[in-house]
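Asks: Kindly generate the corresponding structure for this input.
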Amino acid sequence: MPILNRAAEMQDEVTGWRRQIHQTPELGYDVFKTAEFVASKLKEFGCDEVVTGLGRTGVVGIIRGNLGAGRTVGLRADMDALPINEITGKPYASTVAGKMHACGHDGHTAMLLGGAKYLAETRNFAGSVAVIFQPAEEGGGGGKAMVKDGMMERFGIEQVFGMHNLPGLPVGQFSTKPGAIMAATAEFRITIKGRGGHAAMPHGTIDPIVAGSQIVAALQTIASRNVDPVESVVVSVTKFHGGDAYNVIPEQVELAGTVRSLKQEVASLARERMEAICEGIGKASGTTVTLAYAPNYPVTFNHPDETIFASDVAASIAGEAQVHRTMPPVMGGEDFSYMLQARPGAFIFIGNGESANLHHPAYDFNDEAIPHGVSYWVRLAETGLAA
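Replies: Numbers count the residues shown, from 1 in each chain. Coordinates of the predicted model:
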């Protein structure tokens with residue numbers, strides 16, 4: 001079954017919503033204008049309930065079907081942007097300096113609004129659909145906050161589904177897999193204290209830059225020499241701050257970065273090795289090395305039955321050949337993981353075509369994907385809640 005005619009007819013309208021959201025990006029939990037826009041649209045569509053303030057600034061709309069009582073299924077989109085200066089030059093580009101929708105959350109929100117409008121018009125299902133719009137996906141844990149606020153229990157949500165665009169995947173295609181589909185994440189900060197002095201007399205110093213460089217190199221051995229090659233782990237140092245003058249060895253250096261893995265035991269091993277490396281190089285160099293390690297999002301784990309169901313729905317829209325059911329896991333993190341810990345469900349990727357990558361200042365959501373995304377949400381609800 002191809003995309004829905006009504007979804008195709010709605011494309012210009014949904015595109016307009018997407019571009020309006022794109023022009024006024026908001027960060028983290030401070031998505032007040034976006035949440036207000038979403039809530040106003042849900043009320044305009046005639047949702048039976050529109051609840052705001054969940055997980056601080058999240059919004060949930062409830063749409064009850066016309067085919068009798070039944071289960072409640074949750075459909076989730078994220079609303080927040082990123083602290084990036086946009087360089088697309090589009091006429092609808094961000095009007096807020098230092099903020100842009102560089103991950104397509106504007107498109108995710110617009111597509112779910114399109115699905116909500118369709119479902120509120122037709123109500124061709126039993127039970128209820130909960131359309132979930134969450135803040136603070138980009139590192140703030142808004143999904144966790146909504147779960148902790150009792151969202152699942154309050155609305156009786158039994159299954160939950162999420163969707164994200166994927167640059168490089170052609171428009172009209174979908175991709176997913178059962179099991180671990182996105183990585184657990186952690187952040188670390190390493191402080192190295194030495195003894196500063198003149199760069200021409202390094203023998204009188206304890207150089208934290210040399211120690212820091214050794215730590216950066218040694219951290220690469222976690223993936224290459226400590227973790228089973230068939231497993232996945234990423235240890236990336238993304239900050240190296242120290243020194244202010246070309247002829248002065250500083251007192252202190254700070255490193256920071258991220259760890260990604262698909263299994264808890266691998267994450268634990270990576271942390272243990274980081275601690276040992278910092279301790280060992282600190283002793284060898286005479287520096288004082290302090291590691292601050294903060295686990296963040298858990299693994300995004302697709303439940304097998306729900307993943308098969310989501311893939312079948314995608315195939316009913318795009319055709320089986322356009323659905324990739326065994327995609328390689330992505331080492332990025334995703335706080336939809338918290339919702340999948342609370343309820344069974346699945347996370348799927350939708351093609352964004354040949355575009356700049358996610359989190360890039362030239363990225364833009366491909367509006368041609370909108371009818372495919374709206375159709376997916378509608379078919380997922382109607383099929384999953386068939387009378």
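Asks: Let me see the ranges of the helices in the stretch 51-200 of the chain.
Replies: For the stretch 51-200 of the chain, the helices defined by DSSP state H, counting those that start in this stretch occupy 105-122, 142-148, 151-155.
Asks: buried sites along the longest one?
Replies: Think helix 105-122. 105-120, 122 (16 or more other Cβ atoms under 10 Å). To be clear about C-beta, it is placed using only N, CA and C from the backbone, and glycine gets the same treatment.
Asks: for stretch 156-166, same thing?
Replies: Ile157, Glu158, Gln159, Val160, Phe161, Gly162, Met163, His164, Asn165, Leu166.
Asks: Ok, stretch 39-53 next?
Replies: Under 16+ other Cβ under 10 Å, the buried positions of stretch 39-53 are Ala39, Lys41, Leu42, Phe45, Cys47, Val50, Val51.
Asks: what residues does that stretch touch?
Replies: 17, 35, 58-64, 113, 116-117, 120-121, 128, 131, 154 (Cβ atoms under 8 Å, 6 or more residues apart in numbering).
Asks: One more pass at 10 Å, please.
Replies: With contact meaning Cβ atoms under 10 Å, 6 or more residues apart in numbering, stretch 39-53 is reached by 17, 35-36, 38, 58-64, 109-110, 113-114, 116-121, 123, 128-131, 133, 149, 151, 154-155.
Asks: That stretch: end-to-end distance?
Replies: 10 Å (Cα to Cα, to the nearest Å).
Asks: so what are the domain limits for this structure?
Replies: By the record's domain assignment, the chain is partitioned as 5-182+299-384, 184-295 (automatic domain parsing).
Asks: By residue count, tell me the biggest helix in this protein.
Replies: Taking DSSP state H as the criterion, the chain has its longest helix at helix 264-285.
Asks: Against which helices or strands is that one packed?
Replies: strand 184-193, helix 208-221, strand 233-241, strand 252-261, strand 288-295 (3 or more Cβ pairs under 10 Å, 6 or more residues apart in numbering; DSSP states H and E).
Asks: any chance of the ones you listed in CSV, plus mean neighbour count, mean pLDDT and distance to Lys144?
Replies: Converted to CSV, the helices and strands packed on helix 264-285 look like this (neighbours: other Cβ atoms under 10 Å; pLDDT from 0 to 100; distance: least, Cβ to Cβ, whole Å):
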stretch, mean neighbour count, mean pLDDT, distance to Lys144
strand 184-193, 21, 97, 13
helix 208-221, 19, 98, 28
strand 233-241, 15, 98, 22
strand 252-261, 21, 98, 18
strand 288-295, 15, 97, 12
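Asks: Using JSON lines, please lay out the ones you listed together with distance to Gly142.
Replies: Below are the helices and strands packed on helix 264-285 laid out as JSON lines (distance: least, Cβ to Cβ, whole Å):
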{"stretch": "strand 184-193", "distance to Gly142": "15"}
{"stretch": "helix 208-221", "distance to Gly142": "30"}
{"stretch": "strand 233-241", "distance to Gly142": "23"}
{"stretch": "strand 252-261", "distance to Gly142": "19"}
{"stretch": "strand 288-295", "distance to Gly142": "17"}
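Asks: closest to Glu275 out of those?
Replies: strand 288-295 (6.0 Å; Cβ to Cβ).
Asks: Report the distance from that closest one to the chain centre.
Replies: Strand 288-295 sits 25 Å away from the centroid of its parent chain (Cα atoms, centre = their mean, to the nearest Å).
Asks: May I have the strands that pair with whichever helix or strand comes after it, each with its orientation?
Replies: Using DSSP states H and E, the next helix or strand after strand 288-295 towards the C-terminus is strand 300-302. Using DSSP bridges, the strands paired with strand 300-302 in its sheet are strand 179-182 (antiparallel).
Asks: tell me the mean pLDDT over the partner strand?
Replies: For strand 179-182, the mean per-residue pLDDT is 98.
Asks: from the middle of its chain, how far away would that strand be?
Replies: Worked out by Cα atoms, centre = their mean, strand 179-182 lies 13 Å from the chain centre.
Asks: Output that strand as CSV, nothing but the C-alphas.
Replies: Output of strand 179-182 as CSV, limited to C-alpha atoms (Å, rounded to 0.1, in the frame of the first residue of the first chain):
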residue,chain,number,x,y,z
GLY,A,179,17.7,-5.4,19.7
ALA,A,180,20.3,-2.7,20.3
ILE,A,181,19.9,-0.1,17.6
MET,A,182,21.5,2.9,19.3
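Asks: how about it: buried residues?
Replies: Ala180, Ile181, Met182.
Asks: What of stretch 52-68?
Replies: Neighbour-count burial for stretch 52-68 [16+ other Cβ under 10 Å]: Leu54, Gly55, Arg56, Thr57, Gly58, Val59, Val60, Gly61, Ile62, Ile63, Arg64, Gly65.
Asks: What average pLDDT does that stretch get?
Replies: 98.
Asks: Kindly check the end-to-end length of stretch 227-244 for me.
Replies: So stretch 227-244: terminal residues 37 Å apart, Cα to Cα.
Asks: nope, stretch 57-72 is what I meant
Replies: Note: stretch 57-72 ends 22 Å apart using Cα to Cα.
Asks: hang on, Ser40 in a helix?
Replies: Yes: assessed with DSSP: H, G, I helix; E, B strand; the rest coil, Ser40 lies in a helix.
Asks: quick revisit: want to try a markdown table for the helices of the stretch 51-200 of the chain, with mean pLDDT as columns?
Replies: A markdown table is the format used below for those (pLDDT from 0 to 100):
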| stretch | mean pLDDT |
| --- | --- |
| helix 105-122 | 98 |
| helix 142-148 | 98 |
| helix 151-155 | 98 |
